[in-house]
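Trainee: build me a model:
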Amino acid sequence: MNRLVAPIIAIVLSLSLLLLFSPSLANAEIKVTPPLNWQPRADNNATSMVWDQNSTKSLFSIIKGRDNPLLPIAFLGPAMAQNFADRGVLESTDQITFGHSNFGYRFFLDLSSPSKLNSSGMASEGTYLSAIPKNGAVPFKVMLILSHKQGDLYAIYLQSPKLNFDSILNQIKPTLDSIELNNSTALSN
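Mentor: Next up is the predicted model:
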């Protein structure tokens, strides 16, 4: 299983880095009610938001990515699901409607070793992934939602130790229900 985690993490990190370093962040805006009792990152802005819950070693983020993604979400979602399944880390996948008329593909991943994030060489300082707990002894679970709205790609990411993942997911449900993804260019037309 550990040999399979590194390639999965590399895929998630590659997608996340693609989302983070997209050239056109100016027109998008994420509106959200922050999760209660979570610590926001100092560099949160209208297109990249990350919160930590240190007591549970959990992380939640919403990141705006590339305009007009290279692959349509209708292709990207199933392709990622198949890749995760081939690597043996996909617990489940579905399509989800959330927040203010947002649609996406949701993946639940069962990962056994957070330390594999650093050994993949793709988690760099300055990205929200650098804050993922590095205690390899704690198995964790991930929820990743990919959403495409008004020409923009978004990644919504929750990571928590497996033992309390369900309670953390319930805890952030009001935040998921509040997410509003906007593109000011699209709205002004």
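Trainee: okay, CA-based contacts and neighbour counts for the rest of this
Mentor: Will do.
Trainee: show me what contacts N164?
Mentor: T56 (CA atoms under 8 Å, 6 or more residues apart in numbering).
Trainee: pretty sure it sits in a helix.
Mentor: Yes - per DSSP: H, G, I helix; E, B strand; the rest coil, N164 lies within a helix segment.
Trainee: could you measure from it over to K57?
Mentor: 10 Å (CA to CA, to the nearest Å).
Trainee: cool, and F98?
Mentor: According to CA to CA, F98 stands 25 Å off from K57.
Trainee: ok, now Y157?
Mentor: 14 Å.
Trainee: more neighbours: which of those two?
Mentor: Neighbour count, other CA atoms under 10 Å: between Y157 and K57, Y157 has more, with 21 against 17.
Trainee: does the closest residue to that one other than its chain neighbours belong to a helix or a strand, and which?
Mentor: Here the nearest residue to Y157 in space, its sequence neighbours aside, is L144; by CA to CA, 6 or more residues apart in numbering that works out to 4.7 Å. If you go by DSSP states H and E, L144 is part of strand 140-149.
Trainee: which other residues reach that strand?
Mentor: Residues outside strand 140-149 that contact it (CA under 8 Å, 6+ apart): 73, 77, 102-114, 153-163, 165, 181-182.
Trainee: repeat the analysis, applying 7 Å as the threshold.
Mentor: Contacts with strand 140-149, where a contact means CA atoms under 7 Å, 6 or more residues apart in numbering, come from 73, 103-112, 153-162, 165, 181.
Trainee: who does it pair up with?
Mentor: strand 102-111 (antiparallel), strand 152-161 (antiparallel) (DSSP bridges).
Trainee: may I see the buried residues of the first one?
Mentor: In terms of neighbour count (16 or more other CA atoms under 10 Å), strand 102-111 has its buried residues at F103, G104, Y105, R106, F107, F108, L109, D110, L111.
Trainee: now those residues as TSV including pLDDT and distance to Q53?
Mentor: Shown next, in TSV, are the buried residues of strand 102-111 (pLDDT from 0 to 100; distance: CA to CA, whole Å):
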residue	pLDDT	distance to Q53
F103	89	26
G104	91	25
Y105	93	25
R106	94	22
F107	94	21
F108	94	19
L109	90	20
D110	88	20
L111	81	19
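Trainee: past the helix or strand containing K173, which element shows up next along the chain?
Mentor: Applying DSSP H and E as the criterion places K173 in helix 165-178. With elements assigned by DSSP H and E, the helix or strand that comes after helix 165-178 is strand 180-183.
Trainee: and that next one, what does it pack against?
Mentor: If contacts are counted by 3 or more CA pairs under 7 Å, 6 or more residues apart in numbering; DSSP states H and E, strand 180-183 sits against strand 28-31.
Trainee: pairing partners for the strand it packs on, with directions?
Mentor: Strand 28-31 sits in its sheet next to strand 180-183 (antiparallel), going by DSSP bridges.
Trainee: kind regards, and thank you for your time.
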